[in-house]
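> fold the following for me, if possible:
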Amino acid sequence: MSERDEKAIRRVVVSALVGATIEWYDFFLYGVVAGIVFNKLYFPPGDPVVATLLAYTTFAVGFVTRPLGGLIFGHFGDRIGRKSMLIMTLMIMGVATFLIGLVPTYEQIGVAAPLLLLLLRIFQGIGLGGEWGGAVLMAYEYAPVEKRGFYASLPQIGLAIGLCMASGVVALLSSLLTDQQFLAWGWRIAFLISAAMVGVGLYIRLKVQETPEFEAIKARNEALRMPFADLIKRYPGNVLKGMGARYIDGVFFNIFAVFSIGYLTSTIKITRTQALLGVMAAALVMIFTIPYFGRLSDRLGRTRVYLWGSLITSIAAFPAFWLMTHSGGNVMLIWLAIIIPFGIFYASIYGPEAALFCDLFDAKVRYTGISFVYQFSGIFASGITPIVATALLKSGGGEPWQICLYVLFAGVVSAISAALIGSHAGATRPAVPAASRG
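Sure, this is the predicted structure:
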């Protein structure tokens with residue numbers, strides 16, 4: 001790779017990473033706050049379990065609308081270009097997040113409060129639905145073929161940094177303010193500062209050029225009129241296998257990054273700040289483990305790393321929750337129960353995931369394909385997980401073992417899906433060197 005090419009790919013990776021970080025910060029901030037603020041301020045007072053379920057329901061709506069965003073921006077990303085779509089998604093997400101910080105409470109405006117939250121969450125979902133696919137696609141299509149696993153994993157670090165920032169900002173505000181101050185106005189600061197971050201992200205993205213693969217498609221006038229129709233016609237099996245592989249990613253992430261915060265504060269009885277710091281520490285570790293497993297997928301094969309990662313990650317839920325419940329409130333043990341499975345094992349699936357999905361489709365439908373696979377599967381893999389976990393915890397009498405069985409089920413489904421992707425790789429995926437084949 002020439003010095004000019006290296007400079008171009010560095011610019012693309014930085015742009016994708018910064019934008020993805022901002023988008024994930026905005027999206028996860030809602031999840032972090034849902035179980036500790038929105039359940040108290042934006043729904044009728046009464047049963048706290050019902051209020052928490054309602055708060056997580058508005059959280060889930062973001063996942064339901066993400067496929068819509070994926071289809072819209074994937075369609076135009078495959079027809080017009082990747083870069084312009086990424087600028088639009090960043091603006092949509094940033095404005096929605098900023099406005100969430102201004103929504104009055106249920107006590108102030110009644111039922112209009114949760115309805116406004118719901119509307120803005122819908123726009124968050126649409127924005128992120130188009131963001132993820134475009135960000136990883138830019139890095140993947142710019143990278144040398146034999147290093148696509150590594151480069152496509154770099155925007156994935158945005159998830160870890162965004163989660164770290166969301167957890168860290170809320171933890172900082174929680175530690176500096178009293179509970180009364182935090183609930184009254186402190187939590188809003190975390191949403192309002194999104195406006196400044198979006199400005200930085202837009203400045204960086206405007207300097208990035210379109211990917212060479214898409215430029216070649218435009219030059220040959222080969223852009224498809226209806227990318228989604230072509231996707232379903234030519235790649236129906238890959239779509240289904242990709243969604244199956246995605247299952248453990250969504251379930252495991254939302255158990256440990258979203259549900260665990262409410263679980264640790266209400267059931268294990270540690271402070272909100274302590275729970276958030278544990279998640280933040282795991283996210284910091286993930287910054288290094290995600291690219292490690294992305295690079296490993298270039299050497300050992302995408303599907304091999306993903307298959308074993310799915311199984312090991314899902315099994316890790318059992319010792320993790322056992323350690324939480326038997327920690328006696330020891331914060332260090334609880335943090336270990338989060339950091340090891342979430343910061344290390346989870347990265348073994350999230351690191352190679354972007355390239356795994358990109359490998360499934362050719363460039364003419366790739367934006368649409370990876371966006372649809374990732375976002376549509378997110379409805380059942382991610383969006384409903386906090387609701388399912390809350391219901392399973394109640395069903396289990398406050399014990400988490402039904403939750404762990406649910407995680408294991410997701411891991412087995414994803415491992416089987418990864419095996420199916422690998423077994424048909426030669427017939428269903430674009431040709432790549434053996435070193436990067438699953």
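> from here on, just use CA atoms for contacts and neighbour counts.
Will do.
> quick one: low-confidence parts of the stretch 51-200 of the chain?
In the predicted model, the stretch 51-200 of the chain carries pLDDT under 70 at residues 51-56, 58-60, 62.
> would you list every one of the helices in it?
Using DSSP state H, counting those that start in this stretch, the helices found in the stretch 51-200 of the chain span residues 82-100, 106-109, 112-142, 148-153, 157-176, 179-181, 187-192, 194-205.
> and of these, who's closest to residue 362?
helix 112-142 (10.7 Å; CA to CA).
> same for that closest one, what does it pack against?
Secondary-structure packing of helix 112-142 (3 or more CA pairs under 8 Å, 6 or more residues apart in numbering; DSSP states H and E): helix 3-33, helix 48-79, helix 82-100, helix 106-109, helix 148-153, helix 212-219, helix 347-358, helix 366-378.
> distance from the chain centre to the fifth one, please.
If you compare the mean C-alpha spot of helix 148-153 with that of the full chain, they lie 16 Å apart, counting by CA atoms, centre = their mean, to the nearest Å.
> do the same with the first one
Using CA atoms, centre = their mean, the distance from the centre of helix 3-33 to the centre of the chain it belongs to is 12 Å.
> ok, now stretch 294-306?
In terms of CA atoms, centre = their mean, the centre of stretch 294-306 is found 20 Å from the chain centre.
> can you pull the buried residues of it?
Across stretch 294-306, burial judged by 16 or more other CA atoms under 10 Å covers 294-306.
> out of the helices and strands packed on helix 112-142, nearest to residue 340?
Of these, nearest to residue 340 by CA to CA is helix 347-358, at 10.3 Å.
> avg pLDDT for that closest one?
On average, the pLDDT along helix 347-358 is 95.
> just the angle for that helix relative to helix 157-176, thanks.
Helix 347-358 runs at 140 degrees relative to helix 157-176, counting by axes from the mean of the first three to the mean of the last three CA atoms, to 10 degrees.
> send me helix 347-358 as PDB with only the CA atoms.
C-alpha atoms of helix 347-358 as PDB (Å, rounded to 0.1, in the frame of the first residue of the first chain):
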ATOM      1  CA  ALA A 347     -15.000  -8.600  21.700                       C
ATOM      2  CA  SER A 348     -14.300 -12.000  20.100                       C
ATOM      3  CA  ILE A 349     -17.700 -11.600  18.300                       C
ATOM      4  CA  TYR A 350     -18.000  -7.900  17.900                       C
ATOM      5  CA  GLY A 351     -14.400  -7.500  16.600                       C
ATOM      6  CA  PRO A 352     -14.800  -9.700  13.400                       C
ATOM      7  CA  GLU A 353     -18.600  -9.100  13.000                       C
ATOM      8  CA  ALA A 354     -18.400  -6.100  10.700                       C
ATOM      9  CA  ALA A 355     -16.100  -7.900   8.200                       C
ATOM     10  CA  LEU A 356     -18.100 -11.100   8.500                       C
ATOM     11  CA  PHE A 357     -21.200  -9.300   7.400                       C
ATOM     12  CA  CYS A 358     -19.500  -7.300   4.700                       C
END
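> helices or strands up against that helix?
Using 3+ CA pairs under 8 Å, 6+ apart: helix 347-358 touches helix 112-142, helix 148-153, helix 236-254, helix 272-300, helix 302-315, helix 366-378.
> ok, and what's touching that helix?
Surrounding helix 347-358, the residues in contact under the criterion CA atoms under 8 Å, 6 or more residues apart in numbering are 136-137, 140, 148-150, 152-153, 156, 242, 249, 286, 289-295, 297, 302-303, 305-306, 309-310, 313, 366, 370, 373.
> quick one on the thing from earlier: and residue 253, which of the helices and strands packed on helix 112-142 is closest to it?
The nearest among the helices and strands packed on helix 112-142, by CA to CA, is helix 347-358 at 9.6 Å.
> the closest one to helix 112-142, inter-axis angle?
Going by the same axes, to 10 degrees, helix 347-358 makes 70 degrees with helix 112-142.
> ok, and what's touching stretch 14-21?
The contact list for stretch 14-21, computed with CA under 8 Å, 6+ apart, reads 90, 131-132, 135-136, 138-139, 154-162, 198, 201-202, 204-205, 208.
> leaving out the residues flanking it, which one is nearest to the spatially most central residue of the chain?
Nearest to the mean C-alpha position of the chain, by CA atoms, centre = their mean, lies residue 159 at 5.9 Å. Leaving out its chain neighbours, the residue that sits closest to residue 159 by CA to CA, 6 or more residues apart in numbering is residue 24, at 5.6 Å.
> what sits against that neighbour?
128, 158, 159, 162, 163.
> and if you look at residue 74?
Neighbours of residue 74 in contact, by CA under 8 Å, 6+ apart: 130, 133, 134, 367, 368, 369, 371, 372.
> just residue 6 next, same as before
Contacts of residue 6 (CA under 8 Å, 6+ apart): none.
> any idea how far stretch 294-312 is from the chain center?
With CA atoms, centre = their mean as the basis, stretch 294-312 stands 19 Å off its chain's centre.
> re the thing from before, could I get the buried residues of stretch 294-306 as JSON lines with pLDDT and distance to residue 327?
Converted to JSON lines, the buried residues of stretch 294-306 look like this (pLDDT from 0 to 100; distance: CA to CA, whole Å):
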{"residue": "294", "pLDDT": "95", "distance to residue 327": "33"}
{"residue": "295", "pLDDT": "95", "distance to residue 327": "35"}
{"residue": "296", "pLDDT": "96", "distance to residue 327": "34"}
{"residue": "297", "pLDDT": "94", "distance to residue 327": "35"}
{"residue": "298", "pLDDT": "94", "distance to residue 327": "39"}
{"residue": "299", "pLDDT": "94", "distance to residue 327": "39"}
{"residue": "300", "pLDDT": "93", "distance to residue 327": "37"}
{"residue": "301", "pLDDT": "93", "distance to residue 327": "38"}
{"residue": "302", "pLDDT": "93", "distance to residue 327": "36"}
{"residue": "303", "pLDDT": "94", "distance to residue 327": "36"}
{"residue": "304", "pLDDT": "95", "distance to residue 327": "34"}
{"residue": "305", "pLDDT": "96", "distance to residue 327": "32"}
{"residue": "306", "pLDDT": "97", "distance to residue 327": "31"}
